[in-house]
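Asker: Give the three-dimensional model of this entry:
(one chain, ligands or ions: 1)
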Amino acid sequence: MEEAKTELHKITRISENQGVPVLIVANKQDLRNSLSPSEIEKLLAMGELSSSAPWHLQPTCAITGDGLKKGLEKLHDMIIKRLNVAAEKEKMNINTYYICVEEVFSGLISTNRRVQDGQQYLMSKCFYLP
Ligand SMILES: Nc1nc2c(ncn2[C@@H]2O[C@H](COP(=O)(O)OP(=O)(O)OP(=O)(O)O)[C@@H](O)[C@H]2O)c(=O)[nH]1
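Answerer: Below you'll find the model as predicted:
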């Protein structure tokens, strides 16, 4: 478990893995001596994972198939949520840009609006256009 914990935390810290959903499958839950999901959560220090890494710990029994579908559904949900967040961010950028451009051309630049550096630069250039 110590090795699994080290690897898990190492993987989720890599920059390109930021925000990538993690599904932990706690298999063999039908066996009397198997670790419970809460024990696994504690031993893997799941609570210490970066807040940007969504995770789900799914108890399963591969013999009966219990929990397998639910685990995959949870993984699917996390992936969709991540895609929606990315799409929302993109939409916000486009909206902010649109507001800036509109204000530039109406001559109403509000300095207290939060704009991104690139857009700020674009605004300063656009403002002096004839
Ligand atoms: N009781 C029970 N046995 C399982 C379960 N999943 C797998 N096994 C059995 O565990 C044995 C090893 O399973 P595998 O997953 O193929 O092998 P492995 O991952 O190399 O080995 P393990 O570290 O033992 O999981 C096989 O006999 C499986 O039938 C389960 O959920 N419950």
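
Asker: For this structure, just list every one of the strands.
Answerer: 22-26, 55-59 (DSSP state E).

Asker: domain ranges for the protein?
Answerer: Here the domain parsing of the chain from automatic domain parsing is 1-75, 85-130.

Asker: buried set for stretch 47-59?
Answerer: Using 16 or more other C-beta atoms under 10 Å as the test for burial, stretch 47-59 gives 49, 53-59. Where C-beta positions appear, they are placed from N, C-alpha and C, glycine not excepted.

Asker: meant to ask about stretch 66-77
Answerer: For stretch 66-77, by 16+ other C-beta under 10 Å, it's 67, 71, 74-75.

Asker: Just send the strands of the chain back as JSON lines, with mean pLDDT too.
Answerer: Conversion of these to JSON lines gives the following (pLDDT from 0 to 100):
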{"stretch": "strand 22-26", "mean pLDDT": "94"}
{"stretch": "strand 55-59", "mean pLDDT": "95"}
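
Asker: contacting residues for the residue in the chain that the ligand sits nearest to?
Answerer: The ligand sits closest to residue 62 of the chain, with a gap of 3.4 Å, by C-beta to the nearest ligand atom. For residue 62, the contact set (C-beta atoms under 8 Å, 6 or more residues apart in numbering) comprises 27-28, 68.

Asker: repeat for residue 78
Answerer: 21, 23, 54-56.

Asker: hmm, back to that, the contacts of residue 62: which ones sit near the ligand?
Answerer: 27-28 (C-beta under 6 Å from any ligand atom).

Asker: Reformat the contacts of residue 62 as JSON lines; add distance to residue 37.
Answerer: Output for these, formatted as JSON lines (distance: C-beta to C-beta, whole Å):
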{"residue": "27", "distance to residue 37": "11"}
{"residue": "28", "distance to residue 37": "12"}
{"residue": "68", "distance to residue 37": "15"}
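
Asker: What score does residue 115 have for pLDDT?
Answerer: Per-residue pLDDT puts residue 115 at 46.
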